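Peer 1: sequence first, predicted coordinates after that:
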Amino acid sequence: MSTTPFPQRSGSNMPFWKERCELAASFRWTARLNMHEGVANHFSLAVNDEGTQFLMNANQVHFSRIRASELLFLDANDPEAMNRPDAPDPTAWGLHGTIHRRLPHARCAMHAHSIHATVLASLADSTLPPIDQNCAIFFNRVAVDENYGGLAFEEEAERCCELLADPSKKVLVMGNHGVMVVGETVAETFNRLYYFERAAETYIKALWTGQKLRVLSDEVAEKTAREIEAYPDQDGRHLSELMAILDEEEPEYAS
């Protein structure tokens, strides 16, 4: 969990302004990395102690245009959420609403169809072997959903929640679909999403060579994963630097 203090941004008295700016920045940077998909995919962040009230992107807004002030504030226990004039995307409500209703430890949830994670999700064996340091980060920390049944309405979401119920599983490879990454903060979760896509890219491109892979031992892979988890504040510094760049180049994200 990050401890880096983010700069104070003025211009709004909206509740959860710091959280809104961090989440908006993660959308903007995901678009820059081409890890978004049109006006689909959704990120959310719980903002109350119980984890049931959350911020999420509005229905069908491109990631590159998302602003902090325009994020939806939703309650996972509100039966009228889909009747609001600004109702969220039905699949976003099904997936993220269910996560924030059922998994209080998953305070931030980022779902994407990023290319390499989705290629991994399309393989008959969607496990990620520890062939390099980035892949080792996720050793024994990824769940795989092998029962895709259509769009992520609540039935699909319930199954995904069962797979993410183990707090040690912070990444769900959604077979035939994409990836869901969870964490405690925006910084932690975005950093995990970023490195999982990098790890998947390395693995997919290694497969392209057709050569035998150099796979780390379980002992070294687990040691590496634990060392990364204990590394001081990398996720916080990562997001802080990205926000500093956006402050210079796309300051409207924090408006």
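Peer 2: The structure has been received and is ready for your questions.
Peer 1: Lys205: neighbour count?
Peer 2: Look at Lys205: counted by other Cβ atoms under 10 Å, it has 10 neighbours. To be clear about C-beta, it is placed using only N, CA and C from the backbone, and glycine gets the same treatment.
Peer 1: that one sits in which helix or strand?
Peer 2: Lys205 belongs to helix 186-209 when assigned by DSSP states H and E.
Peer 1: helices and strands around that helix, which ones?
Peer 2: For helix 186-209, the elements it packs on are helix 17-32, strand 108-112, helix 115-122, helix 133-136, strand 178-183, helix 234-249, judged by 3 or more Cβ pairs under 8 Å, 6 or more residues apart in numbering; DSSP states H and E.
Peer 1: so where's this structure shaky on pLDDT?
Peer 2: In the predicted model of the chain, residues 1-12, 152 satisfy pLDDT under 70.
Peer 1: export the helices and strands packed on helix 186-209 to CSV and tack on mean neighbour count and distance to Asp78?
Peer 2: Formatted as CSV, the helices and strands packed on helix 186-209 follow (neighbours: other Cβ atoms under 10 Å; distance: least, Cβ to Cβ, whole Å):
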stretch, mean neighbour count, distance to Asp78
helix 17-32, 23, 19
strand 108-112, 26, 17
helix 115-122, 20, 31
helix 133-136, 21, 39
strand 178-183, 26, 21
helix 234-249, 17, 29
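Peer 1: any idea which of those gets closest to Thr224?
Peer 2: Smallest distance to Thr224 across those (Cβ to Cβ): 4.0 Å, for helix 133-136.
Peer 1: against which helices or strands is the closest one packed?
Peer 2: Where contact means 3+ Cβ pairs under 8 Å, 6+ apart, helix 133-136 is packed against helix 186-209, helix 218-229.
Peer 1: quick one: it to chain centroid distance?
Peer 2: Relative to the chain's own centre, helix 133-136 is displaced by 18 Å; criterion: Cα atoms, centre = their mean, to the nearest Å.
Peer 1: now do the contacts for the residue nearest to Gln133 when sequence neighbours are not counted.
Peer 2: Excluding the flanking residues, the one nearest Gln133 by Cβ to Cβ, 6 or more residues apart in numbering is Thr224, at 6.1 Å. When contacts are counted by Cβ atoms under 8 Å, 6 or more residues apart in numbering, Thr224 touches Pro130, Gln133, Ala136, Ile137, Phe139, Leu216.
Peer 1: what's the spacing between the closest residue to Leu239 other than its chain neighbours and Met243?
Peer 2: Excluding the flanking residues, the one nearest Leu239 by Cβ to Cβ, 6+ apart is Ala187, at 4.1 Å. Going from Ala187 to Met243 by Cβ to Cβ, to the nearest Å gives 10 Å.
Peer 1: hey, what's in contact with both of these two?
Peer 2: Joint contacts of Ala187 and Met243 (Cβ under 8 Å, 6+ apart) are Glu22.
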